[in-house]
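Engineer: Output the structure for:
(chains A and B)
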Amino acid sequence: MRRALSFGLPLATFAVIAAAWEAVVNYGGFPPKLVPGLGTIAEAFVRLAGNGILLQAALATLYRLGAGFLIAAVIGVVVGIAMGRRQWVEDTLLPIVTFLYPIPGLAYAPLFVLWFGLGDFPTILLVGVASSFTVIINTWKGVKAVKPIWLRAAEVMGARDRDMFRRVVLPGALPYILIGLRLGLAQAWRILIAVEMLMSVQRGLGWLIFGAQTFLNTDVMLATIAVIGAIGMVLEREVFARIERYTIVRWGMVAA
Amino acid sequence: MKRGFSWVAFARGVAGVLAVVAIWQGFALSGMFSTAMTPPIGSIGATMWGMMADGSLFINAFATLVRVFIGLAISFSIAIPLGVLMARYWVAERIFMPVLSVLLPIPSLAWVPLFILWLGIGDTATILVVVYASAFPLVYAVWTGVRAVNPLWLRAAIVMGADEATLFRKVIWPGALPYIITGLRLAFGRAWIGVIGGELLASPKLGLGEIIFNAAEFLNAGIMLSTLIAIGVIGVFFERFVFQTLEAVTVRRWGMVAGEGR
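Structural biologist: Predicted coordinates for the structure are as follows:
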């Protein structure tokens, strides 16, 4: 009974939402151009998937995400570890990082357009810089959270600086670093979609939504939003859950 | 854990900020770019002063904050009943969880063009973005918080004859509060990003995002940088002072420790 419910209830919810949507479309009195039926949305999806536009847009967006995230990961981990290991670096950089961290990355977008023009390069740079702060903060906290007793034990047993870093500090801080990278990727993803709307890049999921708005193609917009949601879910569940399973869970640092 | 105040650390912090300022100034005066694009510090200061003197900075910041708080209030009034229901009744969890996990990974700003078509440009679309951005962390916080209330407390209270209302007010609410406040902090962060993005894209009449967007049309980097600084100051103010104080006043006073939030 419970198992049947646990499977059936979500299905029932989606069925009710779908029926409500259709009812609004058919009897709500809204123009169908603005509130398309589920069939129309599915058709738009099939059309866009069939002629390759959706795939091209998704690949362009994922390429920017990958490049931007790489920048964020490198800056974030290097700066974060430096801040965690050296007191003077922490003292010098912490006020700046603390101030810049809560500024939404998107707010820089018009400034970046002014400085670097439109297109791919400023988009990637902006996404990278904006999401690096989350990685910096988490990495720094992680290095700080390494138990002093481990450090002292390793020291007593004669670990050199390199070994100490590779065998104690890095594994000890890794749970936090991974959280930082995960949050950084999620943030990069959220910013990127909006930045694509502002930076008028060529192709991309954000661009697809923004372009479709001009022609009142709400079916295309909703189909693209669904794709964005699906990619976001895969990024969160598959990519990072897997990395965690192979590293920190295997090392027994957190429960699976 | 926390170190006391240290003059050395303070001096290093000041040195770091001064270094950034000096590098910027060198860059601005080097003539590599026009000063419209990289204005020197003095002219940013003058712009900022001008925006404060004629009150435009405050009016726009106020408009942005009003949107954030209306949005947060709506989110809050959705999240409390929904989160409590989901935590206390298994059926409710099964019904709403799938919907939330489908909507959660969609960035709130992806909806903006659609919201604009449906609701027109301006306030309503922007506030809806704030609601969308902030509702998920809140629902999740309430849900986790209520589930984390020690069942022993619940049974003890029931045995002592607490009715549903008392149970909620005296046991569940205080027990879940550390999580809810952490969630509120997270929700504010999301709302802050959402509102600036919404203002950039949905162009309401006033707002900090709107200033930046307008300044871009006139290639006025001074105004953009001054507004960015204002956005940073307000963000730090809420993150550091408002929410940390809230945490300190409510949670610690009741002797409960907040879970480490993300």
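Engineer: near chain A, which residues of the stretch 51-200 of chain B show up?
Structural biologist: Taking C-beta under 8 Å from any C-beta of the partner chain as the criterion, the stretch 51-200 of chain B approaches chain A at residues B:91, B:94-99, B:101-103, B:105-114, B:116-118, B:189, B:192-193, B:196-197, B:200. Backbone N, C-alpha and C define where each C-beta goes, glycine included.
Engineer: give me that answer again for 6 Å
Structural biologist: Within the stretch 51-200 of chain B, the residues that sit near chain A (C-beta under 6 Å from any C-beta of the partner chain) are B:94-95, B:98-99, B:105-107, B:109-110, B:113-114, B:117, B:193, B:196-197.
Engineer: which helices and strands does the strand or helix carrying B:Ile196 pack with?
Structural biologist: For B:Ile196, the element it lies in under DSSP states H and E is helix B:173-202. In terms of contacts (3 or more C-beta pairs under 6 Å, 6 or more residues apart in numbering or on different chains; DSSP states H and E), helix B:173-202 is packed against helix B:56-88, helix B:112-119, helix B:123-147, helix B:208-217, helix B:243-247.
Engineer: mean pLDDT for those helices: which is lowest?
Structural biologist: Mean pLDDT across the helices and strands packed on helix B:173-202 is lowest at helix B:243-247; the value there is a mean of 79.
Engineer: Check what contacts that one and list those residues.
Structural biologist: B:Ile181, B:Arg185 (C-beta atoms under 6 Å, 6 or more residues apart in numbering or on different chains).
Engineer: Tabulate the CA atom coordinates of that helix in CSV.
Structural biologist: Only the C-alpha atoms of helix B:243-247 are listed here, as CSV (Å, rounded to 0.1, in the frame of the first residue of the first chain):
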residue,chain,number,x,y,z
PHE,B,243,21.0,37.7,9.9
GLN,B,244,23.9,37.0,12.2
THR,B,245,22.3,39.1,14.9
LEU,B,246,19.0,37.4,14.3
GLU,B,247,20.7,34.1,14.7
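Engineer: Can you mark which positions in it are buried?
Structural biologist: Of the residues in helix B:243-247, B:Phe243, B:Glu247 count as buried by neighbour count, 16 or more other C-beta atoms under 10 Å in any protein chain shown.
Engineer: for that helix, the distance to its chain's centre please.
Structural biologist: The chain centre lies 13 Å from the centre of helix B:243-247; the measure is C-alpha atoms, centre = their mean, to the nearest Å.
Engineer: Same question for stretch A:209-226.
Structural biologist: Chain-centre distance of stretch A:209-226: 22 Å, with C-alpha atoms, centre = their mean.
Engineer: Which one of the residues in the stretch 151-262 of chain B is closest to chain A?
Structural biologist: Closest residue of the stretch 151-262 of chain B to chain A, C-beta to the nearest C-beta: B:Gly235 (3.0 Å).
Engineer: which residues touch the helix or strand hosting that residue?
Structural biologist: Assigned by DSSP H and E, B:Gly235 belongs to helix B:221-236. Applying C-beta under 6 Å, 6+ apart, the contact partners of helix B:221-236 are A:99, A:102-103, A:107, A:111, A:114, B:37, B:39, B:43-44, B:47-48, B:51, B:57, B:192, B:208, B:211-212, B:215.
Engineer: if we go to 7 Å?
Structural biologist: Surrounding helix B:221-236, the residues in contact under the criterion C-beta atoms under 7 Å, 6 or more residues apart in numbering or on different chains are A:98-100, A:102-103, A:107-108, A:110-111, A:114, B:36-39, B:43-44, B:47-48, B:51, B:57, B:61, B:192, B:196, B:208, B:211-212, B:215-216.
Engineer: Just give the nearest non-adjacent residue to the residue nearest the centre of chain B, would you?
Structural biologist: The centroid of chain B falls nearest to B:Phe188 when counting by C-alpha atoms, centre = their mean (2.1 Å). Nearest residue to B:Phe188, sequence neighbours excluded (C-beta to C-beta, 6 or more residues apart in numbering or on different chains): B:Phe238, at 5.9 Å.
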